[in-house]
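Asker: Make a model of this:
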Amino acid sequence: MRWIIVPVACMLLAGCAPYSSYPPVEETSGLSHPTFEPVPTIIVAAIEWGRSREQGETAEAPLSFVLPRDSSDKTYEKIEKRIKGSERASSDRDGIAIRSVRIRGFDASVDVSVPRDRGEPILYTIDLKSKPFQKWEVVAHRRWRFHETDIAAVEYSLPTDTSVQAEQRDEGE
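Answerer: Predicted coordinates for the structure are as follows:
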């Protein structure tokens, strides 16, 4: 009996480690969603890291952000609750843009675009790490040597009616 406890404990810890990407790279199962932990926690850590990297209006103004395409209202609300005074970015004001989130167990990578007072936004890829019962923290970052306008446009969208999104996907096929 006592020899069974160790393998069962290992399976429980390994079974709780998520494996996901947002926006989804391909159709994924219903077991993962951007509102499920640890995704909101990782997004908050990335947004706060992005804000701490900059000075001027980005660091001083009320925090605004954009999440990856197809993010739901519920996802935006979770982030807004965790970062007091934050809001969704509007068309007249740039915000920190989360381009994608990749989670592999207790490792995560986030592509984040941080606006600057002068010039174009800078794209970073940040690596986060966690251990069971510990907070996610940034352990490394890469600043890309090109600007947002130099790469293919990535579609950002604020949450809209899901029937409209389904029609747009069908048109492309």
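Asker: Which residues outside the longest strand seen in the chain are in contact with it?
Answerer: Longest strand of the chain, by residue count under DSSP state E: strand 137-147. Residues outside strand 137-147 that contact it (Cβ atoms under 8 Å, 6 or more residues apart in numbering): 45-46, 49, 119-130. Every residue, glycine included, has its C-beta placed from N, CA and C.
Asker: Any chance of a PyMOL selection covering the buried ones in the residues you listed?
Answerer: Under the burial definition 16 or more other Cβ atoms under 10 Å, those of the contacts of strand 137-147 that qualify are selected in PyMOL by:
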select buried, resi 45+46+49+121+122+123+124+125+126+128+130
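Asker: Greatest separation within the contacts of strand 137-147: which pair is it?
Answerer: Among those, the pair separated by the greatest distance (Cβ to Cβ) is 119 and 130, at 33.1 Å.
Asker: and the angle for the host helix or strand of residue 48 with strand 137-147?
Answerer: Assigned by DSSP states H and E, residue 48 falls within helix 39-53. Angle of helix 39-53 versus strand 137-147, following axes from the mean of the first three to the mean of the last three Cα atoms, to 10 degrees, is 60 degrees.
Asker: pLDDT on helix 39-53, on average?
Answerer: Mean pLDDT, computed over helix 39-53, is 89.
Asker: List the buried residues for it?
Answerer: 39-51, 53.
Asker: Just the strands from the chain, written as ranges.
Answerer: Here the chain has its strands, by DSSP E, at 19-22, 64-66, 87-88, 96-104, 107-114, 122-129, 137-147.
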